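Asker: Task: produce atomic coordinates for the following.
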Amino acid sequence: MRGLGTFWGKARRCALRGALVLAVALGGALAAQAQGIAPPVIANNKARGLYDKAQAQAKDRDFTKALETLDILTQKFPSLGEGWLMKGSLLKASGDTRGALAAYREGLAKVPPDAARTSQYLLLGDLALQYGDYATAGVAYRQLLKLGTKVARSRAVAERGVRTCEFAEAALKNPVGVSPAPLPPPLNGFKMQYFPTLTADNRFLLFTGWPKANSGEDLFVSRRAADGTFGAPTGISPSINSSYNEGAGAISGDGKTLVFASCDRPKSIGNCDLYISRRTGNAWSPPLNLGTAVNSPEWDSQPSLSADGRTLYFTSTRRGGQGKEDIYVSTLQADGTWAPAQNLGPTVNTPGMDMAPFIHASGTTLYFVTDGLVGMGGLDIFRSEKDPATGAWAPPPKLGLSHQHVRRRGLALCVVG
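Answerer: Sure, this is the predicted structure:
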């Protein structure tokens, strides 16, 4: 389950998801056996006892005790790779990805290479990319290719992983552009804040805020002063913010049309839908669901409006796409209804996650993030140009190193960007 599309979601959902992941993990040993890996042969009786004890604790869902037992096992018998791998499995399931990376790196270095461990090599590579450890990632992907996995998808992921490591290591030696810096107070004062967007006149900053751990997500606005500083953020409007989650807003160039995402509202089409509101004077109208032409029974969020407010880009997990999350577009028709949303196709969308679209004021430059193209690893920023004559999108070139490592929090440019 997701939050409103900002990928941070409601605290209770995160807690439930974590419990479910741990419940199905049941320890690295059980997962390994399910993948066809032979049970480990452990000659030392004390090591075998600790290993079996941790496995039983994991099976009984006592994951804290299982990790404590595995700590003892890996300290006393550090050469036993299976202990590290079980530890990595539980740490990954509990959300400790950095600890999981260290454990999988140790474990896979201590067990014989085996094509049956395809998923473990891929996981190690993915975890290493997440933290910019390109050396470890490269070793994992190359080892998998050397073993000759017969799964085409796994081979394709490993090949792209090797290219990503090579590109990233070269890019680190030649950084370009200006490194981003956080905005000063009174902004960035919430627990989380993300998906910023500037109005066309650059006078207002709209963003999603999660003020406290037990609060929901709402839309906030900060006004820019004559000296360029931003004022204290305030809720956009009682007509928009509610007891449900609202966020990931997009405003038209004239500042009179707002499209945003909200989750679990009554009579919604999916778990997160897109809504529209119009501004008259300083008042925003009650939001209206954009309907089945735009929304799906799945997750729809992260909208971006063209300057004239007539073209809407957004992210969706609906069926029939190119990958996990895809970018879609809908246009406002002469009768005031929105045309059925169309997938932007394989030039923009990939088999991976393609998200957070931002359409420039020109209407022909689209920025987005994806993990499906060679980059620095994870979700990287890309740009695609639209041919005004044909409407076709060009293959995206790679942007510079200093722009990268967007962690699903959205993109925005001022109109001169």
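
Asker: Give the residue spans of the stretch 1-150 of the chain that score low on pLDDT.
Answerer: 1-36 (pLDDT under 70).

Asker: show me where it has helices.
Answerer: Under the criterion DSSP state H, counting those that start in this stretch, the stretch 1-150 of the chain contains helices at 11-25, 27-34, 45-59, 63-76, 81-94, 97-110, 118-130, 134-147.

Asker: Between the ones you listed, which one is closest to Phe382.
Answerer: helix 118-130 (16.4 Å; CB to CB). No exception for glycine: its C-beta is placed from N, CA and C like everyone else's.

Asker: helices or strands up against that closest one?
Answerer: In terms of contacts (3 or more CB pairs under 8 Å, 6 or more residues apart in numbering; DSSP states H and E), helix 118-130 is packed against helix 81-94, helix 97-110, helix 134-147, helix 152-173.

Asker: May I see the buried residues of stretch 235-255?
Answerer: 236-237, 240-241, 244-253 (16 or more other CB atoms under 10 Å).

Asker: for these, which one is nearest Cys272?
Answerer: Asn245 (8.0 Å).

Asker: Distance-wise, check the closest one relative to Asp264.
Answerer: 7 Å (CB to CB, to the nearest Å).

Asker: Single out the most deeply packed of the helices and strands packed on helix 118-130.
Answerer: helix 81-94 (a mean of 25; mean count of other CB atoms under 10 Å).

Asker: Tell me what angle that helix forms with helix 118-130.
Answerer: Angle of helix 81-94 versus helix 118-130, following axes from the mean of the first three to the mean of the last three CA atoms, to 10 degrees, is 60 degrees.

Asker: Pull the distance from helix 81-94 to the chain's centre.
Answerer: 23 Å (CA atoms, centre = their mean, to the nearest Å).

Asker: name the helices or strands packed onto that helix?
Answerer: For helix 81-94, the packing partners by 3+ CB pairs under 8 Å, 6+ apart are helix 11-25, helix 27-34, helix 45-59, helix 63-76, helix 97-110, helix 118-130.

Asker: which one of these is the most hemmed in?
Answerer: Comparing these by mean count of other CB under 10 Å gives helix 118-130 as most buried, with a mean of 23.

Asker: which other residues reach that one?
Answerer: Residues from elsewhere that reach helix 118-130 (CB atoms under 8 Å, 6 or more residues apart in numbering): 32, 35, 85, 92, 97, 100-101, 104-105, 107-108, 134-137, 140-141, 143-144, 147, 149, 151, 154, 157-158, 161, 164-165, 377-378.

Asker: do stretch 322-331 as well
Answerer: 290, 293-294, 310-318, 338-346, 348-355, 357, 366, 368, 372.

Asker: what do you get if the cut-off is 7 Å, keeping everything else the same?
Answerer: Contacts of stretch 322-331 with the rest of the structure, by CB atoms under 7 Å, 6 or more residues apart in numbering, involve 293-294, 310-317, 338-339, 341-344, 346, 348-355, 357, 368, 372.

Asker: ditto for stretch 227-243
Answerer: 183, 186-187, 205-206, 209, 218-225, 246, 277, 284-287.

Asker: which of those count as buried?
Answerer: 187, 205-206, 209, 218-222, 224, 246, 277, 284, 287.

Asker: export the buried residues of stretch 235-255 to TSV and tack on secondary structure and pLDDT?
Answerer: Listed next are the buried residues of stretch 235-255 as TSV, based on DSSP: H, G, I helix; E, B strand; the rest coil; pLDDT from 0 to 100:
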residue	secondary structure	pLDDT
Ile236	coil	96
Ser237	coil	96
Ile240	coil	96
Asn241	coil	95
Tyr244	coil	91
Asn245	strand	92
Glu246	strand	95
Gly247	strand	93
Ala248	strand	94
Gly249	strand	95
Ala250	strand	95
Ile251	strand	93
Ser252	coil	92
Gly253	coil	89
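
Asker: still on that earlier bit, which of the buried ones among the contacts of stretch 227-243 lies closest to Gly49?
Answerer: Gly209 (51.1 Å).

Asker: Outside of the helix or strand containing the closest one itself, which residues are in contact with it?
Answerer: Using DSSP states H and E, Gly209 sits within strand 204-210. By CB under 7 Å, 6+ apart, the list of residues contacting strand 204-210 from outside reads 6, 8, 190-198, 217-224, 230, 233, 236, 247-249, 251.

Asker: after that strand comes which helix or strand?
Answerer: strand 218-223.

Asker: Strands - which of the contacts of stretch 322-331 land there?
Answerer: Thr311, Leu312, Tyr313, Phe314, Thr315, Ser316, Gln342, Asn343, Asp354, Met355, Pro357, Phe368 (DSSP state E).

Asker: Just the buried residues of the residues you listed.
Answerer: Of the ones in strands among the contacts of stretch 322-331, these count as buried by 16+ other CB under 10 Å: Thr311, Leu312, Tyr313, Phe314, Thr315, Ser316, Asn343, Asp354, Met355, Pro357, Phe368.

Asker: Correct me if wrong: the last one contacts Met353.
Answerer: This means Phe368. No. At 10.2 Å, Phe368 and Met353 do not qualify as touching, with contact defined as CB atoms under 7 Å.

Asker: any idea how far Pro238 is from Ser222?
Answerer: For Pro238 relative to Ser222 (CB to CB), the value is 18 Å.

Asker: hmm, I was thinking of Glu325
Answerer: 28 Å.

Asker: Okay, and Phe260 sits in which element?
Answerer: When elements are defined using DSSP H and E, Phe260 is found to belong to strand 257-263.

Asker: So which elements touch that strand?
Answerer: On a contact count with 3 or more CB pairs under 7 Å, 6 or more residues apart in numbering; DSSP states H and E, strand 257-263 meets strand 245-251, strand 272-280, strand 300-305.

Asker: Name every sheet partner of the next helix or strand after the second one and say whether each one runs parallel or antiparallel.
Answerer: Sequence order places strand 283-284 as the next helix or strand after strand 272-280, per DSSP H and E. If you go by DSSP bridges, strand 283-284 pairs up with strand 272-280 (antiparallel).

Asker: hmm, who's touching stretch 42-53?
Answerer: Applying CB under 7 Å, 6+ apart, the contact partners of stretch 42-53 are Thr69, Ile72, Leu73, Phe77, Leu80, Glu82, Gly83.

Asker: Just put these in JSON lines and tack on distance to Thr390.
Answerer: Output for the contacts of stretch 42-53, formatted as JSON lines (distance: CB to CB, whole Å):
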{"residue": "Thr69", "distance to Thr390": "62"}
{"residue": "Ile72", "distance to Thr390": "65"}
{"residue": "Leu73", "distance to Thr390": "62"}
{"residue": "Phe77", "distance to Thr390": "64"}
{"residue": "Leu80", "distance to Thr390": "60"}
{"residue": "Glu82", "distance to Thr390": "56"}
{"residue": "Gly83", "distance to Thr390": "58"}
